[in-house]
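> sequence and predicted structure, then a few things I'm wondering about:
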Amino acid sequence: MARNQTLTQNLDWIAVLIYILCVMMGWFNIYAAVYSPEVPTSIFDMAHNAGKQLMWIGTTVLLIIAILVIDHKFYDTFAYIIYGFVILLLIAVLFIGADINGSHSWIKIGAFSIQPAEFAKLGTSLALAKYLSDPTVSLTRSWKEYLPIAGFIGAPSLLILLSNETGSMLVFAAFAIMLYREGLPGIIPAVGIIMAVLVVMTLLVSNWFIVAGIVIIAGLIIWFMPKATRRQGGLLATLVVAFIMIGVVVGVDFFINNVLQKHQRSRIMVLVDPDSDPRGAGWNVIQSKIAIGSGRLIGKGFLEGTQTKFDFVPEQSTDFIFCTVGEEHGFIGAAIVVVLFMGLIARLVILAERQRTRFARVYGYCVAGIMFFHFMINIGMTIGLMPVIGIPLPFFSYGGSSLWSFSILLFIFLKIDSQRPYTLSRT
Amino acid sequence: MLENRRFIIIGFFIFVGFAYLSRLFYLQVLDESYTIEASSNSIKRVVEIPFRGQIYDRYGNLIVYNTPVYDLMVTPYKAKVQDTLTFCNLLGIERREFDSLMTAARTYSRVKPSLFLRQLSKEDFARIQDIMVDYPGFEFAKSSLRTYTAPVLANTMGYVSEITKGQIEKQEGEYYRQGDYIGQSGVEKFYEEQLRGKRGIRFVMQNVNGVAKGSWKDGELDTMAIAGQNLYTGIDLMVQQYADSLMKNKVGSVVAIEPKTGQIITMVSAPTYDPNILATRHFSKNYSVLAKNPYKPLFNRPVMASYRPGSTFKLIQALVALQEGVITPNSGFSHAGSPVKCHGHPATSNVAMGVRYSCNPYFYHVFKRLIYNNEITNTFTASAKGVTDWNNHVSKFGIGERLGIDLPSEYKGNLPDQKYYDKIYGESRWKFSNIYSLSIGEGEILITPLKMANVAAIIANRGYYYTPHVVSGIGQKNSPLPEYTVRHETGIDPKHFETIIPGMIGAVEGGTVMGLARIDSIQIAGKTGTSQNKKGKDHSIFIAFAPAYNPKIAIAVFVENAGFGGVAAAPIANLIIERYIKRKTKNKVLENYVLTRDYMPNVVLPGSGPKAEPAKKDTVKKKPPVTAPIATTKKNGADKPGVAVASSGN
């Protein structure tokens, strides 16, 4: 096959365009978030986050070029090695990690720090894709097939949890989307969602109401159940499910009050009732909502925000960057960002579905799932629909590790996708 | 089939996306509350404290004004003090003080500036401002300090201090906040509302740490602070200082009133203290020193101390008796038949002579006639009726009730009535023989120096008075409070005053007042009194007005434990009268006599609680703690007779 193609041939321009838009908007919003009206600084000022972000963008471009140069088979071939390297980094960080913002998850290299947890998503995605690309592996035959998958996901999750980065660990739940596409029985994500609802209910209302609700619903189901079904084990099944649900409620309550650390508990509690602690754990959520809410339809204008500018919203240029968008550009700006992300994620799913190899498809779904999960948690947190879990908004949040890792994640997939015409289907 | 799951997945993504879009639409477009919260968040009300009103004397000289001072503020997270010892020495504080101030500031906020040291004087500021540059985190804020031109009138003017927690809770309305200053006594307290002015409010944008970031909406909603109203008083600062110097080494009061208006000319509460020491940041230290002083300098004697009026009360007895017609101007009484005795003096053949020589038996008989001035034959019921009638007359002189001066904590004194004696002896179980000591101003009657000065003003006015008041004009309208323009009548015919006034003139010119105390150029009408005092030597009292036939000043002088009225109190009163009317002192011999008298009691004063060890005389003279940055009480110069501080003018 002729190999005289250029670097960008067959690259999906829709995805690339959205990517460029996101990165540029992110950069301008970082500038706005750290801008001080009394001491106006240039967007190129390296003393501020905006200038540094520009440097990260520059290095990211170099990385992207490198990815496009490297042969797409490299990722397939070296998937396990990359995964192993990431795991080593995660172990290393436990011993040589530096403490930044209360988490022990950074490796300092000179003036810069990188966060291996950001790259664990990449390694795990590649490893899962590699494992599932084995034609002998099928997710629909036996639960035993899930054990290696659980291992691939569990190892980095555990290591990340040990370095006190709960937020990054939760992102690994994003692989459920890919697994569902590859044959995970629908009941599992459904149960997961039901459990999530139960957990939120447990936080919202008294346990006794929930238990009473479960008992009443179970009673009604049994009452209206056809006699035949009841005899065939329907009664037992309903009772078992009801007991499990009650167990979950009691267990969650115990877990929240007795197992979680105080700051973790409060982060979850303020999701339910931010006003319960307006100066403490609820502060972030309340201030974030005020900032976004005060933007109204068209926003206060670029560099005109008061809430984000005057430090009411914490972590403005990183986890809470969306507040600046909402405050300065209003509903229109915020909606554009949401639509861009939805477009990118939907495009990724479409691209994944057109792959000829299972490796590429699985990897594509992993990327889409991770992007979606970050989007959902990060924006959900700023508008008070999700607990405050410190994970960045892809391409927007300030920070080299996150920009690098999301860009690498995305462009490896775009590179693989661009080679699609030259790949033989193996599935 | 598994491929179809992509639709479920994309559907889920789109569902979340739309959920977020709706949430954003609700937050940003539908719900307006966040806009309001954003402004309350980032827009701060800054309160501008107005200048407190100044206080002037009757000739326009300043008595109380505001001095700009500098508060030292600290922002803990910026503060770096390498050499704490040098720093403490620079500010004149102790290491322990430094630590506790820093801890307090840190507890308040690490990032907001908080008060470190209050009220550094201009001099201190000039001395340290250059050096303070080396200490980051410390900065100066302008403030103001109540300042007194002369070390007098401490209790009359009162002091201003930071409002207490209890006062904040008890206040009506919500004007005061923590850290505000409020008048705590004297004029400062009574006229607090007029003096304080109106706070201004500015709206500024601020960041999360409360650091100002410019004015909001270009200041269109801001209100200016309105300075407090100035107060104009009837005080004559020159005379006041002179009276203070005369009352040195004496315990007691001087109250001088302008009879025609009721304005207070001079009010001395001795011993006193320099009001400036309570205006400084050393307030609490200085206050506790004053509070522990056995001579109670914080006790505002002119309006709070009560004494038996002694013989000065005979004037009222004579007036009431004349009005009731129980005696005529020419009634004479001998010493015979009186349980109260007298010294040798010419025969008291008429009222004027009785007054002139302050004859005790004379007034015993006068009072007896007053009490039994009714048809009732039963002496018990007759006495009850007699006391009631007598009480009605005397109370019109403002005795037994609060006069209503514009100073807080006025004591009402005591004027016994029928009920009072019924309580002591039982109903109808007492008669004149039980109460005859009232005839000469002893017994159960208690008056304050202010009331006695008012009695002198009533006699000077021949029968009426205006409630004594310190402040004669408020703000630009320059009129007093309305209650001080109401003329009070005593119901005594003016002609009866003309009967006793010659006796008062005689008392000064050749009666109970010592010869030395005469002021040749002014005709003074006066009456001495010697107030019995169970706990120590008699108190010396003198009331007077002058000139007798065109009175410009009425005065009462009380000197505790100084004995006979004509010897201690009268010379002081006469010197003050001369100084007020003539603006100078001619009788240097008398002045020197007064200045060298020392009547400081060696025992703890009545009512001052457990017996402390005999107070040393210099306790009161003692200068305030050295820490007080302003001049101490009395510099040597001010002690000398007639030396008035330059600012008193005229």
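Looks like it came in fine.
> distance of A:R181 relative to A:F175?
Distance, A:R181 to A:F175, by Cβ to Cβ, to the nearest Å: 11 Å. Just so you know, the C-beta spots here come from the backbone N, C-alpha and C atoms, and that holds for glycine as well.
> scan the chain for its longest strand.
Assuming you mean chain A. Taking DSSP state E as the criterion, chain A has its longest strand at strand A:103-109.
> try again with chain B
Of all segments of type strand in chain B, defined using DSSP E, the longest is strand B:62-74.
> buried residues, that one. List them.
Neighbour-count burial for strand B:62-74 flags B:62-66, B:69-74 (criterion: 16 or more other Cβ atoms under 10 Å in any protein chain shown).
> orientation of the very next helix or strand once past that strand relative to strand B:62-74 in degrees?
Sequence-wise, the next helix or strand downstream of strand B:62-74 (DSSP states H and E) is helix B:84-91. Angle of helix B:84-91 versus strand B:62-74, following axes from the mean of the first three to the mean of the last three Cα atoms, to 10 degrees, is 160 degrees.
> ok so, going back, tell me what the longest strand of chain A is packed against?
Here strand A:103-109 touches helix A:79-96, strand A:98-100, strand A:112-114, helix A:116-132, going by 3 or more Cβ pairs under 8 Å, 6 or more residues apart in numbering or on different chains; DSSP states H and E.
> element containing residue 20, please.
Answering for chain A, as no chain was given. Per DSSP H and E, A:I20 falls inside helix A:13-34.
> ah, I was thinking of chain B
B:Y20 belongs to helix B:5-25 when assigned by DSSP H and E.
> elements contacting that helix?
Under the contact criterion of 3+ Cβ pairs under 8 Å, 6+ apart, helix B:5-25 touches helix A:175-181, helix A:321-353, helix A:358-382.
> in the second one, what counts as buried?
Neighbour counts over helix A:321-353 (16+ other Cβ under 10 Å) mark A:321-331, A:333-335, A:337-338, A:340-352 as buried.
> between the helices and strands packed on helix B:5-25, which one is nearest to chain B?
Minimum separation from chain B across the helices and strands packed on helix B:5-25 (Cβ to the nearest Cβ) falls at helix A:321-353, 4.1 Å.
> quick one: the closest one to helix B:5-25, angle?
160 degrees.
> sorry, back to before: pull out the buried residues from the helix holding B:Y20.
Across helix B:5-25, burial judged by 16+ other Cβ under 10 Å covers B:5, B:9-10, B:13, B:16-17, B:20-21, B:23-24.
> as a markdown table, these with pLDDT and distance to A:E304 would be great.
A markdown table is the format used below for the buried residues of helix B:5-25 (pLDDT from 0 to 100; distance: Cβ to Cβ, whole Å):
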| residue | pLDDT | distance to A:E304 |
| --- | --- | --- |
| B:R5 | 88 | 45 |
| B:I9 | 90 | 39 |
| B:I10 | 90 | 37 |
| B:F13 | 92 | 33 |
| B:V16 | 92 | 30 |
| B:G17 | 93 | 27 |
| B:Y20 | 93 | 24 |
| B:L21 | 94 | 24 |
| B:R23 | 90 | 23 |
| B:L24 | 92 | 19 |
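> thanks a lot, see you next time.
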